[in-house]
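> below are the sequence and a predicted model; questions follow.
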Amino acid sequence: MGMTMTQKILAAHAGLDKVEPGQLVEADLDLVLGNDITAPVAIREFQKMGANKVYDKSKVALVLDHFTPNKDIKAAEQCRFVREFAQRMGVENFFDVGEMGIEHCLLPEKGLVGPGDLVIGADSHTCTYGALGAFSTGVGSTDMGAGMATGKCWFKVPTAIKFVLRGKPSGWVSGKDIILHIIGMIGVDGALYKSMEFMGEGLQNISMDGRFTMANMAIEAGAKNGIFMVDEKTMEYARAHSKKPWKAYEPDDDAVYDEAYEIDLSKIRPTIAFPHLPDNTRTIDEAGDVEIHQVVIGSCTNGRLEDLRVAAKILKGRKVRRGVRVIIFPGTQKVYLDALKEGLIEQFIEAGAVVSTPTCGPCLGGHMGILGKGERAVSTTNRNFVGRMGHTESEVYLASPAVAAASAVTGRITDPDTLLKAD
Amino acid sequence: MKVKGKVFRYQNNVDTDVIIPARYLNTSDPKELAAHCMEDIDPDFVKNVKPGDIIVADRNFGCGSSREHAPIAIKASGISCVIASTFARIFYRNAINIGLPILECEQAVKGIEAGDEVEVDFDAGIIRNLTKGTAFKARPFPEFMKKIMAADGLVNYIRDKYKDN
Ligand code: SF4
């Protein structure tokens, strides 16, 4: 029986020729990640274990991104705890205000993850790096503590679902629409414990930024990880961002998949997830008339340069509708600076949007744009659970940067095509 | 490593709220948690459970919240092993990380009833139903997993490793 991409990466890191679904393996880690919320708990576990140094100073990444710049005293103390630990341990990849970004935008940009890597992070969206052909998954703080101490983690080898992508997305359709379409199709538990493996000639029509968006939301279908076959675009990205050696893993011809889906990208329409689950999707044509009060563009899902470019294309020369608060938060300092140099930030501000420093901010209802009772937001983030962005009676509609920007102009959920034609 | 005991048998989707109700989460003391283990699904469990006994359940055991209190309560109640057709993912990780042996084996689950006497050999991956005289093959624990269990969880396992060096 052949192996999937995920199974091959797990086997290679466990020093085995072969693994089977259900098998327990102990594997070597290429990177262990934590943030200002999860790292403090992991550090305490690490100390309980009696560890006094991290297994490799270059393979631990600590990113202060959730409640930073510190939103209150509690956040400040958590950050201080992580900062002091990072200094004591000599952690090389410690990112504080000024150089940080949202962890899942930052690590690939800094070249800390590459194809074939095995990464754990105490954050559920660690699955983002699957876009690079890496195995990466979210774990608990005990696992993170053990990972920092030993450089190892145990895994149960998952089965997988295969998504074969064909054709080319049309118009404004992006990675966000594709993954929302898929989650709508298989459900929030459609890939429980499994890998979602993406392949097929349609891949070449999806940018790296689009793939990060898709892999990021694998967890929203319950998946253990999402992973993309490595192609020219991946290799180009890896070469541009990292000097680390990397390896492309392909599934065996006789790899066994639980299910296989063929997806024609040309048929996908801009897609929106209505409250309160990411699988509650409708196409823009079925969205109806939904009035909104806030638009959020950014996050680890859609806070990359391409996302901001798309938003700027729509907002440039237009005005945000009065009564709609539009908050744009770039994923990293570099994305921010690049957007500034390209003139995107100016276009946003002239349109009437605000631009925030990189932070998780409103994505998890943390700070910088919390919703009040009865308020509705269109957001490019990844979760629309009850109360995710604020009051339990507020609502979040998940969409692409294009739909979010068009909605900012009209104050209602809007098809970018309709907006542009109206001009 | 072998364990033996009487079986408590449950169905699908035993969630973390019935394993240890949220109203008792104001403590993390294993003994106190054990005193309320399974209370909402089986009020007699605490009265009847003896050290070594085994829980057998159908699909998705441990679904719900990510609380580590759930496997801790089960372990502290004296249960030596949980066998289920499948486990919820976070419960699975938590159970192993706190040193509660768990096994997935659908055939065994089908062939075991409440009150049966069952023996589990983790090294060989064999589950024996001594009452019915049947045996089932599960996947044996790999070496590192046996060590985690022997050390009573991941934190101790790593601490022991540091002591050895
Ligand atoms: S942006 Fe949102 S989903 Fe992403 S890491 Fe931050 S809080 Fe989590």
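Cool, got the structure.
> low-confidence ranges, chain B, go.
B:165 (pLDDT under 70).
> list, one by one, the residues from it near chain A.
B:66, B:68, B:89-90, B:92-94, B:96-97, B:104, B:139, B:141-142, B:144-145, B:148, B:154-155, B:158-159, B:161-163 (CB under 8 Å from any CB of the partner chain). Every C-beta, even on glycine, is put in place using the N, C-alpha and C of the backbone.
> quick one: secondary structure of whichever residue of chain B sits closest to the ligand?
The minimum distance from chain B to the ligand, using CB to the nearest ligand atom, falls at B:Ser66 (15.7 Å). Under DSSP: H, G, I helix; E, B strand; the rest coil, the three-state class of B:Ser66 is coil.
> go ahead and confirm it touches B:Ala88.
No. Look at B:Ser66 against B:Ala88 with CB atoms under 8 Å: they stay out of range, at 9.3 Å.
> more neighbours: the two, which one.
B:Ala88 (24 against 14; other CB atoms under 10 Å in any protein chain shown).
> how about the contacts made by that one?
B:Asn60, B:Phe61, B:Gly62, B:Cys63, B:Gly64 (CB atoms under 8 Å, 6 or more residues apart in numbering or on different chains).
> circling back to that earlier point, quick check: closest non-adjacent residue to the residue of chain B closest to the ligand.
B:Ile90 (4.6 Å; CB to CB, 6 or more residues apart in numbering or on different chains).
> need the residues of the stretch 201-350 of chain A near chain B, please.
Checking the stretch 201-350 of chain A against chain B by CB under 8 Å from any CB, the hits are A:Lys224.
> so A:Ala404 sits in a helix?
Yes. In this structure, A:Ala404 lies within a helix as judged by three-state DSSP.
> ok, it to A:Lys168 distance?
Distance, A:Ala404 to A:Lys168, using CB to CB, to the nearest Å: 23 Å.
> what do you get for B:Cys105?
47 Å.
> repeat that for A:Lys176.
Taken as CB to CB, the span from A:Lys176 to A:Lys168 is 16 Å.
> so is stretch A:338-358 next to the ligand?
No. Using CB under 6 Å from any ligand atom, stretch A:338-358 stays clear of the ligand, coming no nearer than 9.5 Å.
> what pLDDT, on average, does that stretch get?
Averaging pLDDT along stretch A:338-358 yields 98.
> ok so, going back, which two among the contacts of B:Ala88 are spaced furthest apart?
B:Phe61 and B:Gly64 (10.5 Å; CB to CB).
> more crowded one of these two?
B:Phe61 (30 against 18).
> nearest spatial neighbour of the more buried one, skipping sequence neighbours?
B:Ala84 (3.9 Å).
> neighbours of that neighbour, how many?
Neighbours of B:Ala84 (other CB under 10 Å): 26.
> and for A:Leu29, the neighbour number?
22.
> tell me what the residue sitting nearest the centre point of chain B is bridged to.
Nearest residue to the geometric centre of chain B (CA atoms, centre = their mean): B:Val82, 3.2 Å. With DSSP bridges applied, B:Val82 shows beta-bridge pairing to B:Ile55, B:Ile102.
> so it touches B:Asp58, yeah?
No. Using CB under 8 Å, B:Val82 is not in contact with B:Asp58; the gap is 12.0 Å.
> returning to what we had before: so which of the residues of chain B next to chain A sit within helices?
Counting by DSSP state H, the part of those found in helices is B:89-90, B:92-94, B:96-97, B:144-145, B:148, B:154-155, B:158-159, B:161-163.
> buried subset of those?
Among these, those classed as buried by 16 or more other CB atoms under 10 Å in any protein chain shown are B:89-90, B:92-94, B:96-97, B:145, B:148, B:154-155, B:158-159, B:161.
> sheet-wise, list the partners of the top strand by length along chain B with their directions.
Using DSSP state E, we find that the single longest strand of chain B is strand B:2-10. The pairing partners recorded for strand B:2-10 under DSSP bridges are strand B:54-57 (parallel), strand B:117-121 (antiparallel).
> deepest in the core, which of these is it.
Most buried of these by mean neighbour count (mean count of other CB atoms under 10 Å in any protein chain shown) is strand B:54-57; its value is a mean of 25.
> for that strand, list the C-alpha coordinates in PDB.
C-alpha atoms of strand B:54-57 as PDB (Å, rounded to 0.1, in the frame of the first residue of the first chain):
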ATOM      1  CA  ILE B  54     -11.600  -1.300  31.900                       C
ATOM      2  CA  ILE B  55     -13.900   1.100  30.000                       C
ATOM      3  CA  VAL B  56     -15.100  -0.100  26.600                       C
ATOM      4  CA  ALA B  57     -17.100   2.200  24.300                       C
END
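> following it, which helix or strand comes up?
helix B:69-76 (DSSP states H and E).
> which strands or helices does that next one pack on?
helix B:16-19, helix B:30-34, helix B:89-98 (3 or more CB pairs under 8 Å, 6 or more residues apart in numbering or on different chains; DSSP states H and E).
> hang on, the earlier thing: export the buried ones among the ones in helices among the residues of chain B next to chain A to JSON lines and tack on distance to B:Gly115?
Formatted as JSON lines, these follow (distance: CB to CB, whole Å):
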{"residue": "B:Arg89", "distance to B:Gly115": "30"}
{"residue": "B:Ile90", "distance to B:Gly115": "30"}
{"residue": "B:Tyr92", "distance to B:Gly115": "26"}
{"residue": "B:Arg93", "distance to B:Gly115": "30"}
{"residue": "B:Asn94", "distance to B:Gly115": "28"}
{"residue": "B:Ile96", "distance to B:Gly115": "27"}
{"residue": "B:Asn97", "distance to B:Gly115": "30"}
{"residue": "B:Met145", "distance to B:Gly115": "29"}
{"residue": "B:Ile148", "distance to B:Gly115": "30"}
{"residue": "B:Leu154", "distance to B:Gly115": "33"}
{"residue": "B:Val155", "distance to B:Gly115": "35"}
{"residue": "B:Ile158", "distance to B:Gly115": "38"}
{"residue": "B:Arg159", "distance to B:Gly115": "39"}
{"residue": "B:Lys161", "distance to B:Gly115": "40"}
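> now, which of those lie close to the ligand?
Within those, nothing lies near the ligand by CB under 6 Å from any ligand atom.
> can you give me every residue that contacts the closest residue to A:Gly175 other than its chain neighbours?
Once flanking residues are discounted, A:Gly175 sits nearest to A:Gly210: 2.9 Å by CB to CB, 6+ apart. For A:Gly210, the contact set (CB under 8 Å, 6+ apart) comprises A:Ser174, A:Gly175, A:Lys176, A:Ile178, A:Glu306.
> reformat those residues as a markdown table; add neighbour count and distance to A:Phe385.
Compiled in a markdown table, those are given as follows (neighbours: other CB atoms under 10 Å in any protein chain shown; distance: CB to CB, whole Å):
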| residue | neighbour count | distance to A:Phe385 |
| --- | --- | --- |
| A:Ser174 | 28 | 23 |
| A:Gly175 | 26 | 21 |
| A:Lys176 | 30 | 18 |
| A:Ile178 | 26 | 22 |
| A:Glu306 | 18 | 26 |
